[in-house]
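Q: Okay, sequence plus prediction incoming.
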Amino acid sequence: MATIKDVARLAGVGLGTASRVVSGKGSVAPATARRVHKAIEQLNFRPSHAARALLSGSSQMIGVYIPILKGTFYTPVLQTIDGALREGGRHPPLRAPLRRFRDAAEADEAERRLVPGLPERTVTST
């Protein structure tokens, strides 16, 4: 899998220049941008969401936790959420348990495993 460094090397530009072309932010001479785009195409380069998240400190990820994916209620809700996020350029991951939990503690532990980095607090409605 090609990296932004590979693109920069093939295009004969610096890493910052290649990054500006990929992100579309900042100024780059048209001829230079064409070389970078050609390198992107030749290498079949695709920007890494994980790398962007590490650099920016934000994954821009939105999570929806469902205690169990069963029945007909959640499907249209998830389809609506997915459609709205995709219209905004986001692609939500979906992970859900396929069984019921014995108790709240087991559900909390599964929630932490399903969503790494989840804060140690839970938002509930009353």
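A: That came through fine.

Q: is it true that Asn44 touches Val7?
A: No. Using Cβ atoms under 8 Å, Asn44 is not in contact with Val7; the gap is 10.4 Å. In short, each C-beta sits where N, CA and C put it, glycine included.

Q: quick one, which of those two is more surrounded?
A: Taking neighbours as other Cβ atoms under 10 Å, Asn44 and Val7 compare with Val7 leading, 27 against 8.

Q: Can you say which helix or strand has that one in it?
A: helix 4-11 (DSSP states H and E).

Q: Run through who's touching that helix.
A: The contact list for helix 4-11 (Cβ atoms under 8 Å, 6 or more residues apart in numbering) reads 14-15, 17-19, 22, 32, 35-36, 38-40, 42-43, 45, 47, 51.

Q: Go again with 10 Å.
A: Applying Cβ atoms under 10 Å, 6 or more residues apart in numbering, the external contacts of helix 4-11 come out as 2-3, 13-19, 21-23, 32-43, 45, 47-48, 51.

Q: Which of those fall in helices?
A: 15-19, 21-23, 32-43, 51 (DSSP state H).

Q: can you give me the mean pLDDT across stretch 74-93?
A: The pLDDT scores in stretch 74-93 average 81.

Q: What are the buried residues along that stretch?
A: For stretch 74-93, a neighbour-count test (16 or more other Cβ atoms under 10 Å) marks 74, 78 as buried.
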